[in-house]
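Enquirer: curious how this folds, go ahead:
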Amino acid sequence: MTTTTLAYLVPLLPFLGAAAGLFLGRTAPGFVRPVAVLPTLASLVLAVLVAVRQSGDEAITSATELTPTGSIPIELALYIDGFAALVAVLVVFVALCVQIYSTGYLQDDPRYPSYAALVSLFTSAMLLVVYSGDLMVLLVGWEVMGICSYFLVGHYWETPEARAASIKAFLVTKLGDVPFLIGLFALAVDAGSFRITRVLGAVASGGLDHPTVIALLLLAGVAGKSAQFPLHTWLPDAMAGPTPVSALIHAATMVAAGVYFVARLLPVFQASAAAMVVLAVMAAVTMAGSGIAALAQDDIKRVLAYSTIGQLGYMTGALAVGDRGAAVFHLLSHGAFKALLFLAAGVIIHAAGTNSLAAMARMGGLRDRVPDAYWTMTVALLALAAIPPFSGFFSKESVLGAAEHVTTGHTEHVPGAAGWIVLVAGLVTALLTAAYAMRLWLLAFRGHGPEVPDHGRQPLTMTVVLWVLAAPSLALGGLAYQSLPGWFDGGELTPTLTTSVLGTGLALTGGLLTYAAWRHTAARAARVPLGAVAAHPEGDAGQVEAEAIATHEPAYGDVAHASDPADPGRLLLGPLHRHAAVGFHLDAVYSALFVRPVQGGASLVRFLDREVVDTYVRGAGALPRWLGAAVRRAQTGNVQTYVSALLAGTVVLVVAAVLVATGA
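Expert: The predicted structure is shown next:
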């Protein structure tokens, strides 16, 4: 079988699995789990074969015209280079882990068949984005992911938090998709094609007439999809969905799509120095702001959500300094340890019966109750904090090294200012990342108080997946930085001495400061009584999470526990804490600038429609109705009345005729 045929099957198999899962969910529910897992497993095998055959060599291309358009054709095209081959493997690997994990996590959920089908469709859509060689076909996968996220984030639709989060995720990402679509059309018009290879050829020959406008329009869509400032606010609220969905969105799909898109079309953005500076500023604000916000969150999943935003900031920062190899390297590394973090958090939530770190801090023995989650999450947090030799160290240092390289002036197409912006923000974020990683670990696993209630053992499928993901979180970076440059345009990924020392030193400083703050507050925290935490029976972990949302433990966006004395983040942030806990009030700002004016305009239109337009409509109907009523009353059915009226009318006409004749 040719490589091209294998590549077409990679996104097709999860799509067929989604269709079969929806059908079997009603007719043969016992086959839903195999249909969810096996097509994804087969897709992973094929993606690995495609990657082996591609081997970082010349890109695999293929194209078939879908339909004549009269101007720019739309083609079913493949474009698989080293980046695409490896990212596809990551996507299917994480999706397979999520599907296996979900068979236990949502084992008693009545909506599991539709959930599993949507996860498969989500996977297929992301693979379409990764392998596509045509921008319009890529857009199809881009938009299908948006609708899948809407349904999956709103899986627990009985809760108002889940309903609001799904709508918010959909609307905010669509806000970025509108200029993104305009940018795609403008790019195709300038390049004369939607084919990625022809677009890149047009850029190389200087064929773009409006590079800055196009790049900025495309960046709006990237900011929405990859949750970058200022369109990042949907991602923390999206934690109202099931935890495996969070792992899929944060590690391999949806938010990774924007970063991958910029990496694939990086020359388009490099054609505009202004766009590169905007990208650098966006990355810097996202990194630093999300790090501070993560340090103030009480919900364990919201901490990880802001962590994802910051790590995506590292990736966009690498792209801002023109190093797509470093960006995709961190994308691969982050995909492994972030999936592990979320799936381990799901086990912890099931054991603790709550998402609240403040409540966990007042529990004893949680790490003994879930040893698999304890050890694997420790590995993932060390990778997140970029502590050597864990994988996050190597990938994050490749980003900082690329930024340092730009500051020395050894690059073209990238302004030196972009390098300084990314380097300084990246170093500050290294300190913040280690601080909130240490805080999460301490509050979740070093609590003091009564023993956590026994909520039952986790299914084997959940714990096995944690150890599978722990392996790349530990070893991927160390193995990959030497072998991946051949896949990534030959760019250097080896950590540099200066940034390694600075980054690791700041990370250790952040961790030690947080530990000292925790020790300072430990005595006070031990005296805080444990609040009422609902004891959940052994069974569906997803139901535990759904009940935690429904009973507001914690409500998503709620910061009721943020002032808990056990929280070292409050001591470290001081007066900034209450602002960081609510995301620096960006939702309130957007509500005042956009939501309320739109609602006010809608209210005005509704008033005009009901009170003005409808008044004329009702009047136009009332007049004939009144006339009809008057005529109806004259129809009595009495013949004498009709004859009398006829005679009276005749007399009136005769008198009128006489008067007219006399007057004449």
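Enquirer: from the chain's centroid, how far away is the helix or strand of the chain with the lowest mean pLDDT?
Expert: Lowest mean confidence among the helices and strands of the chain (mean pLDDT, DSSP states H and E): helix 541-550, at a mean of 71. Relative to its chain's centre, helix 541-550 lies at 21 Å (Cα atoms, centre = their mean, to the nearest Å).
Enquirer: beyond it, next helix or strand please.
Expert: helix 568-573 (DSSP states H and E).
Enquirer: elements contacting that following helix?
Expert: helix 416-445, helix 497-526, helix 577-581 (3 or more Cβ pairs under 8 Å, 6 or more residues apart in numbering; DSSP states H and E). The way it works is simple: take the backbone N, C-alpha and C, and place the C-beta from them, glycine included.
Enquirer: so which residues of the stretch 101-250 of the chain form helices?
Expert: 112-131, 135-153, 160-191, 196-204, 211-225, 234-237, 243-251 (DSSP state H, counting those that start in this stretch).
Enquirer: of those, flag the one that's most buried.
Expert: helix 243-251 (a mean of 29; mean count of other Cβ atoms under 10 Å).
Enquirer: what are the C-alpha coordinates of that helix, in CSV please?
Expert: Provided in CSV are the C-alpha atoms of helix 243-251 (Å, rounded to 0.1, in the frame of the first residue of the first chain):
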residue,chain,number,x,y,z
THR,A,243,-11.5,15.7,32.2
PRO,A,244,-10.5,13.4,29.3
VAL,A,245,-11.9,16.0,26.9
SER,A,246,-9.7,18.6,28.6
ALA,A,247,-6.7,16.4,28.0
LEU,A,248,-7.6,16.0,24.4
ILE,A,249,-8.2,19.7,23.7
HIS,A,250,-5.1,20.9,25.6
ALA,A,251,-2.6,18.2,24.5
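Enquirer: which SSE is immediately downstream of it?
Expert: Assigned by DSSP H and E, the successor of helix 243-251 is helix 255-264.
Enquirer: could you dump stretch 103-123 to CSV, C-alpha only?
Expert: Only the C-alpha atoms of stretch 103-123 are listed here, as CSV (Å, rounded to 0.1, in the frame of the first residue of the first chain):
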residue,chain,number,x,y,z
THR,A,103,-13.9,3.7,28.9
GLY,A,104,-13.3,3.6,32.7
TYR,A,105,-13.9,7.3,33.5
LEU,A,106,-17.3,7.4,31.9
GLN,A,107,-18.2,3.8,32.3
ASP,A,108,-21.7,4.5,33.6
ASP,A,109,-22.4,7.6,31.6
PRO,A,110,-25.6,7.2,29.5
ARG,A,111,-24.2,9.6,26.9
TYR,A,112,-20.9,7.8,26.5
PRO,A,113,-21.7,6.6,22.9
SER,A,114,-22.2,10.2,21.6
TYR,A,115,-19.1,11.3,23.7
ALA,A,116,-16.9,8.6,22.2
ALA,A,117,-18.1,9.4,18.7
LEU,A,118,-17.4,13.1,19.1
VAL,A,119,-13.9,12.4,20.4
SER,A,120,-13.2,10.3,17.3
LEU,A,121,-14.6,13.0,15.1
PHE,A,122,-12.5,15.6,16.9
THR,A,123,-9.4,13.4,16.3
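Enquirer: show me where the stretch 251-400 of the chain dips below the pLDDT cut-off.
Expert: By pLDDT under 70, the stretch 251-400 of the chain has no low-scoring segment.
Enquirer: could you pull out the helices for it?
Expert: Going by DSSP H, counting those that start in this stretch, the stretch 251-400 of the chain shows helices at 255-264, 266-270, 273-294, 300-320, 324-352, 357-361, 366-369, 371-384, 391-407.
Enquirer: including mean neighbour count and distance to residue 139, could those helices go into a markdown table?
Expert: A markdown table is the format used below for those (neighbours: other Cβ atoms under 10 Å; distance: least, Cβ to Cβ, whole Å):
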| stretch | mean neighbour count | distance to residue 139 |
| --- | --- | --- |
| helix 255-264 | 26 | 10 |
| helix 266-270 | 22 | 15 |
| helix 273-294 | 23 | 20 |
| helix 300-320 | 28 | 20 |
| helix 324-352 | 28 | 20 |
| helix 357-361 | 27 | 39 |
| helix 366-369 | 18 | 45 |
| helix 371-384 | 23 | 32 |
| helix 391-407 | 28 | 28 |
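Enquirer: got CSV for those, with distance to residue 615 too?
Expert: Compiled in CSV, the helices of the stretch 251-400 of the chain are given as follows (distance: least, Cβ to Cβ, whole Å):
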stretch, distance to residue 615
helix 255-264, 49
helix 266-270, 54
helix 273-294, 50
helix 300-320, 49
helix 324-352, 55
helix 357-361, 56
helix 366-369, 65
helix 371-384, 62
helix 391-407, 63
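Enquirer: residue 632 is nearest to which of those helices?
Expert: Taking Cβ to Cβ, helix 255-264 is the member of these nearest to residue 632, at 67.3 Å.
Enquirer: what does that closest one contact?
Expert: 83-84, 87, 91, 126, 129-130, 138, 141-142, 145, 196, 218-219, 221-228, 235, 249, 269, 279, 308, 312, 315-316, 319, 324, 327-328, 331, 335 (Cβ atoms under 8 Å, 6 or more residues apart in numbering).
Enquirer: redo the helices of the stretch 101-250 of the chain as a markdown table? Include distance to residue 412.
Expert: What follows is those, written out as a markdown table (distance: least, Cβ to Cβ, whole Å):
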| stretch | distance to residue 412 |
| --- | --- |
| helix 112-131 | 28 |
| helix 135-153 | 26 |
| helix 160-191 | 22 |
| helix 196-204 | 13 |
| helix 211-225 | 15 |
| helix 234-237 | 34 |
| helix 243-251 | 34 |
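Enquirer: closest one to residue 584 among these?
Expert: Minimum separation from residue 584 across those (Cβ to Cβ) falls at helix 234-237, 11.8 Å.
Enquirer: extract the CA atoms of the closest one and return them as CSV.
Expert: The C-alpha trace of helix 234-237 is given here as CSV (Å, rounded to 0.1, in the frame of the first residue of the first chain):
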residue,chain,number,x,y,z
TRP,A,234,-12.7,30.6,26.8
LEU,A,235,-10.1,27.9,27.8
PRO,A,236,-10.3,28.1,31.6
ASP,A,237,-14.1,28.0,31.5
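Enquirer: give me the mean pLDDT for that helix.
Expert: Averaging pLDDT along helix 234-237 yields 94.
Enquirer: packing partners of that helix?
Expert: So helix 234-237, by 3+ Cβ pairs under 8 Å, 6+ apart, packs with helix 160-191, helix 300-320.
Enquirer: just put the ones you listed in CSV and tack on distance to residue 108.
Expert: Compiled in CSV, the helices and strands packed on helix 234-237 are given as follows (distance: least, Cβ to Cβ, whole Å):
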stretch, distance to residue 108
helix 160-191, 18
helix 300-320, 21
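Enquirer: out of those, which is closest to residue 608?
Expert: Residue 608 lies closest to helix 160-191 among the helices and strands packed on helix 234-237, at 24.7 Å (Cβ to Cβ).
Enquirer: what helices or strands is the closest one leaning on?
Expert: Using 3+ Cβ pairs under 8 Å, 6+ apart, helix 160-191 sits against helix 135-153, helix 196-204, helix 211-225, helix 234-237.
Enquirer: run the angle between whichever strand or helix holds residue 62 and helix 112-131 for me.
Expert: Using DSSP H and E, residue 62 maps to strand 60-67. Our comparison of strand 60-67 with helix 112-131, counting by axes from the mean of the first three to the mean of the last three Cα atoms, to 10 degrees, yields an angle of 110 degrees.
Enquirer: of all the residues in strand 60-67, which ones are buried?
Expert: By 16 or more other Cβ atoms under 10 Å, the buried positions in strand 60-67 come out as 60, 62.
Enquirer: show residues contacting it.
Expert: Applying Cβ under 8 Å, 6+ apart, the contact partners of strand 60-67 are 3-4, 7, 50, 53-54, 73-81, 133-134, 137, 195, 197.
Enquirer: mind checking which of the helices and strands packed on helix 568-573 is nearest residue 568?
Expert: Comparing these by Cβ to Cβ, helix 497-526 comes nearest, at 3.5 Å.
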